[in-house]
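# Here's a sequence, model it:
(chains A, B, C, D, E and F)
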4 protein chains.
Amino acid sequence: MTGRPKRLPRAIREQQMLDAAIDVFAEHGYHAASMNAIAARAEISKPMLYLYYGSKDELFASCIRRESTRFLDALTGAADPSLSPREQLTHGIRAFLGFVHQNRQSWHVMYRQAMYQKSFADLVTGSRERAVELTALILRSSSREPHSNEQFRLMATALIGAGEAVADRVADGSIDKEAAVDLLVNLGWRGLAGKKPQ
Amino acid sequence: MTGRPKRLPRAIREQQMLDAAIDVFAEHGYHAASMNAIAARAEISKPMLYLYYGSKDELFASCIRRESTRFLDALTGAADPSLSPREQLTHGIRAFLGFVHQNRQSWHVMYRQAMYQKSFADLVTGSRERAVELTALILRSSSREPHSNEQFRLMATALIGAGEAVADRVADGSIDKEAAVDLLVNLGWRGLAGKKPQ
Amino acid sequence: MTGRPKRLPRAIREQQMLDAAIDVFAEHGYHAASMNAIAARAEISKPMLYLYYGSKDELFASCIRRESTRFLDALTGAADPSLSPREQLTHGIRAFLGFVHQNRQSWHVMYRQAMYQKSFADLVTGSRERAVELTALILRSSSREPHSNEQFRLMATALIGAGEAVADRVADGSIDKEAAVDLLVNLGWRGLAGKKPQ
Amino acid sequence: MTGRPKRLPRAIREQQMLDAAIDVFAEHGYHAASMNAIAARAEISKPMLYLYYGSKDELFASCIRRESTRFLDALTGAADPSLSPREQLTHGIRAFLGFVHQNRQSWHVMYRQAMYQKSFADLVTGSRERAVELTALILRSSSREPHSNEQFRLMATALIGAGEAVADRVADGSIDKEAAVDLLVNLGWRGLAGKKPQ
DNA sequence: TATGAATGAGAATTCATTCAT
DNA sequence: GATGAATGAATTCTCATTCAT
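Residues are numbered from 1 along each chain as shown, chains lettered A, B, ... in the order given. As a prediction, the model looks like this:
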C-alpha cells in the first residue's frame, strides 16, 4: 500500500515520528493515544517506535522536549534588548500567542496534557518556572513601587496564568490573537506595575 | 481485612464511594485510576460501584457534580449584597481560594482533570463560563472607562485564568492563601478597572 | 412504585414468575436473559426467584416443564379414538399448530431454545421422542405396505421435522395455519403411507 | 506446554483459529464458549483472536461463513445437469447428508446454533432460503399437478425441515446415512409430487 | 534497517448468587 | 414472606511491549 519501507536517515524518521505522536496525543490525550495509532499515523511499524524511543513515556517526553524547544526558540527570537521594556513585553507576548496560534497541538500536548499528567509535570514546570522568573524580573525592573521578590513572583504567576488562559482561547480560535496581545500587555503593564500593598 | 461487609444505607454508601473515587482520581488521573483501585479504597466490591453509578464515566461525572455543588455553595455562602463592591470581590476571592485550599483534591478533580478530559470538559465549562460572565459584569459595573462587552469578557477570562493559576499554587501549598487573595483582589480591582485601549 | 409487596399464595406467585421467565427467555435467549431482568418483569425481588427455583437452570427447566405439559394437554385433548385414522391425524396436527400459533413464546422456549442448549435437550427430547413414536404408530397402522419398525420411525422423524419447520413459520407468522395443517396432513397421509423400498 | 510460540503465516493461523473456534462453539454453544477457551484450544493467546477477528461476534460469523462455503461447495460439486431429475435429487441429498455426516460440528455451529441466535440467524437464513427456493423449483418442474407458487414454497419448507431433522440424526449417529438418503428422496419424489389440494 | 507475529497483564463491565434484616 | 445490599468469579476486549526473521 504505502510502498516499500523507505530507509530514511535517523533524523528524518525521528521528526516524522514525533509529528505523528504529537498529532495523536493532541487528539486523544496521553492515555487514550495508543502506540498502534501513532505507528499507523507515522506510517511505520511499532517496533520502530520502540527502537527509537524505548517506551510510550519516553516518546511523550520527547514530544514535550521538542515542542518546548521550538517554543522557547520562538520566544527567544522575539527578544530585542534595544527596545523599551514595554515594547519588549509586547513583543514577548505577541511571540507567545503567535506560537500558540500556529501550533495549537503543541500547546495542547506540551502544556495542558503534560501539566496535569503527574509524571510529566516536571518537564513543563521547568519552562514555566523560567517564564515566571522572567516575568517577575520585568515586573520588578519597571515597577514604580517596592515589593518583595516573593510578591513579584506571585504577580508573575498570576500573569502567566492569565496568559495561559488566554492562550487556550486563542488556540481554540474563540478569541482574536491581536486583541489578546493587547489585553495581556495592558494587564502586565498597567495592572501590575502599579500594585501596592495595603 | 476490614471485617464483614456492613449493610449501609444507600445514601451513606454513595458518599463513601464518591470520597474514595475523588481520592483516587485526584491521585492518578481519570484514565490511570482503575475501578478496582476505587473499589478497594472505598472498601467495597467493584459491582457496587457499577450498581450505584453504572460506569466509570458516570462515576467521574458524579464526582464532578458533587464537588461543583460544594464549590458553588461555598461561593454563594460568601456573597453579601450589603457590602461594598470591593469587599464583595474580596469575600468572593477569599471564599474561592479558601475552598481550593481546603479541598485540594476537589480542585484537582473538578477543574484540572475534568477540564482537559474531552468528554467532561462540558461539565466544568459551564461553571467556568458563569464565573467569567459574572466577573465581566462586575468589571463593567465598576469600570471608569467604556469598553465593549467583548472586551470585558476577554478581561474576565484573563482574570479567571490568573485566579486558576494562583489557585493551583494555593492548592499545592507553594504560596500563602492570604497573600494570594490580596493579589487577586488588586489585580481585579486596580488592574482591570483602569484599562484603556491604545 | 408498584405498591406494597403483596403476600400471594405460592401457586400464584409461581405462575407469575414462570410467565415472566418465559417472556424474557423467549426474548433474549437462555444466556442473555438475566435473573435481574426476569425478577424485574415479574415485579418481585431476585431472592424470591431463588427461593422458589433455586437457580437459573432450575427456573429454565421449570419453564420447559410447565410448557411441555400445557402442550401435551393440548394434544391429548384433541385425541378422539372414535374418529378415522386420517381424521385423528388431522385433529392432532391442527391441535399442534394451533398451540404453536397461540403460544409462540412457548414454542420458542420449549423447543428451539431448549433443544439446542446441551443441558436442557433431554427435557425436550422426551416429548419429541413420544411424538415420533406416536407418529410411527399411526403410520404403521395405516400403511398399505410393509416396512420395518426402524423404517417407520425414520419416516416419523422426518415428518416431525417437517412439522417443526412448518411450526416455526406458523409461529413467526409467515405462513397461514390452515394451509400448514393441510400440507402436513397430506404429507403424512399420502406421502408416507405409500412409500415403498427400492 | 506446547513449546515456544511458532511464527506462522497469517493464512495458516486463521484456519487454526477457526478450527478451534468451531470446536468450542459446537461443544458449548455461542454464549457459553469463552474467548479464553477458544484461544487455549487454538494454542495461541487471546489477543491473537482479537487481532485476527476483532470480536467474538466476528469470529463466530467467520466460522459460519467458512463452513457455509464448504457446505455449498460440497453441494455444488454434486450437481450434474446430465442426470435425470430424480438422480439429481438423489445426488444432492446424498451430498447434503454426506457433508453433515462428516462435519457434525459444522452442522451444529452453522445451522443449529446460528439459526436460533438472533444476531446470526440472517447469515444462515440466506442459504436456507435458497435451498427452499431451489426445492420449490424442482417440485414444480416435476409435479404432475398444478399448485400455486406459494404452495410449492410451503411444501419445500416442509421438505427442508424434514431434511434438517434427519440431518440432526445423521449427525448424532443415531440413524444410518444411506437409509436417510433413501427416505428423503422418496419423500421428495413420491410424496410431494403427487400432492393435490382438497 | 525494518517488521509481521505474538503475548502478559490488566482494563471495564456483567452475572448468578447470597446474606442480614 | 420478602428484599435491599453486597460480592466472587468470569467475560470481553485493549494495550504496551517484545521476539524471530
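
# in chain A, which helix or strand is least confident?
Sorted by mean pLDDT, DSSP states H and E, the helices and strands of chain A end with helix A:193, the least confident at a mean of 51.

# tell me the domain ranges of chain A?
What automatic domain parsing lists as the domains of chain A is A:1-54, A:64-193.

# Let me know whether the first one sits next to DNA strand F.
Yes: applying CB under 7 Å from any atom of the strand, one finds domain A:1-54 in contact with DNA strand F at A:H31, A:A32, A:A33, A:S34, A:M35, A:N36, A:K46, A:P47, A:Y50. Heads up, the C-betas are built off the backbone N, CA and C, glycines and all.

# So among those residues, which ones count as buried?
Buried members of these, scored by 16 or more other CB atoms under 10 Å in any protein chain shown, are A:A33, A:M35.

# The residues of domain A:1-54 next to DNA strand F in helices, which ones?
Taking DSSP state H as the definition of helices, these contribute A:M35, A:N36, A:K46, A:P47, A:Y50.

# The second one touches A:L49, doesn't it?
No: judged on CB atoms under 8 Å, A:N36 makes no contact with A:L49 at a distance of 9.7 Å.

# Show me the shaky parts of chain A.
Low-confidence segments of chain A (pLDDT under 70): A:1-8, A:190-198.

# Which single residue of it ends up nearest chain C?
Across chain A, the shortest distance to chain C (CB to the nearest CB) belongs to A:A32, at 30.0 Å.

# and that residue, what is it in contact with?
The neighbourhood of A:A32, defined by CB atoms under 8 Å, 6 or more residues apart in numbering or on different chains, consists of B:H31.

# how near is A:E27 to A:A20?
Here A:E27 is placed at a distance of 11 Å from A:A20 (CB to CB, to the nearest Å).

# Which one of these two is surrounded by more residues?
Shown here are A:E27 and A:A20; by other CB atoms under 10 Å in any protein chain shown, A:A20 has more neighbours (20 against 15).

# what about that one, which helix or strand?
If you go by DSSP states H and E, A:A20 is part of helix A:10-28.

# ok now that helix, how far from the chain's centre?
Per CA atoms, centre = their mean, to the nearest Å, the displacement of helix A:10-28 from the mean C-alpha position of its chain is 16 Å.

# can you pull out the helices in chain A?
Using DSSP H, the helices of chain A run over A:10-28, A:35-42, A:46-53, A:56-78, A:85-102, A:104-106, A:114-115, A:118-142, A:149-171, A:177-186, A:193.

# quick one, which of those helices is nearest to B:G163?
For these, proximity to B:G163 was assessed by CB to CB; helix A:149-171 is nearest, at 7.4 Å.

# could you say what helices and strands the closest one packs with?
helix A:85-102, helix A:118-142, helix A:177-186, helix B:149-171, helix B:177-186 (3 or more CB pairs under 8 Å, 6 or more residues apart in numbering or on different chains; DSSP states H and E).

# okay, these, which one's buried deepest?
Compared across the helices and strands packed on helix A:149-171, helix B:149-171 shows the largest average neighbour count, a mean of 23 (mean count of other CB atoms under 10 Å in any protein chain shown).

# then it to PDB, C-alphas only?
Taking C-alpha atoms only, helix B:149-171 is exported to PDB below (Å, rounded to 0.1, in the frame of the first residue of the first chain):
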ATOM      1  CA  ASN B 149     -18.900  43.700  26.100                       C
ATOM      2  CA  GLU B 150     -16.500  41.500  24.200                       C
ATOM      3  CA  GLN B 151     -13.600  43.300  25.800                       C
ATOM      4  CA  PHE B 152     -15.000  42.900  29.300                       C
ATOM      5  CA  ARG B 153     -15.400  39.200  28.700                       C
ATOM      6  CA  LEU B 154     -11.900  38.900  27.500                       C
ATOM      7  CA  MET B 155     -10.600  40.700  30.600                       C
ATOM      8  CA  ALA B 156     -12.700  38.400  32.700                       C
ATOM      9  CA  THR B 157     -11.300  35.400  31.000                       C
ATOM     10  CA  ALA B 158      -7.800  36.600  31.800                       C
ATOM     11  CA  LEU B 159      -8.600  37.300  35.300                       C
ATOM     12  CA  ILE B 160     -10.200  33.900  35.900                       C
ATOM     13  CA  GLY B 161      -7.200  32.400  34.300                       C
ATOM     14  CA  ALA B 162      -5.000  34.200  36.800                       C
ATOM     15  CA  GLY B 163      -7.200  33.100  39.600                       C
ATOM     16  CA  GLU B 164      -7.000  29.500  38.500                       C
ATOM     17  CA  ALA B 165      -3.200  29.600  38.200                       C
ATOM     18  CA  VAL B 166      -3.000  31.100  41.600                       C
ATOM     19  CA  ALA B 167      -5.400  28.500  42.900                       C
ATOM     20  CA  ASP B 168      -3.100  25.800  41.700                       C
ATOM     21  CA  ARG B 169      -0.300  27.200  43.800                       C
ATOM     22  CA  VAL B 170      -2.600  27.600  46.800                       C
ATOM     23  CA  ALA B 171      -3.700  24.000  46.300                       C
END
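
# How far off centre is it?
That offset, for helix B:149-171, works out to 13 Å (CA atoms, centre = their mean).

# Next, the contact list for A:V170, please.
A:L97, A:V100, A:H101, A:K177, A:A180.

# before we move on, the earlier item: can you pull the phi/psi pair for the residue of chain A closest to chain C?
Main-chain torsions, A:A32, degrees, to the nearest 10: phi -70, psi -10.

# A:A33 now?
The phi/psi pair for A:A33 (degrees, to the nearest 10) is phi -80, psi 120.

# residue contacts, it?
A:A33 makes contact with A:A21, A:V24, A:F25, A:E27, according to CB under 8 Å, 6+ apart.

# For PyMOL, write the selection for the buried entries among the residues you listed.
To isolate the buried members of these in PyMOL, using 16+ other CB under 10 Å:
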select buried, chain A and resi 21+24+25
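
# which of the ones in helices among the residues of domain A:1-54 next to DNA strand F lies closest to C:A167?
A:N36 (49.9 Å).

# Quick check: closest non-adjacent residue to A:E14.
Of all residues not flanking A:E14 in the chain, A:Y52 sits nearest, at 6.3 Å (CB to CB, 6 or more residues apart in numbering or on different chains).

# doesn't A:M17 make contact with that neighbour?
Yes: counting by CB under 8 Å, A:Y52 touches A:M17, with 6.2 Å between them.

# and of the helices and strands packed on helix A:149-171, who's closest to B:A74?
Using CB to CB, the nearest of these to B:A74 is helix B:149-171, at 12.8 Å.
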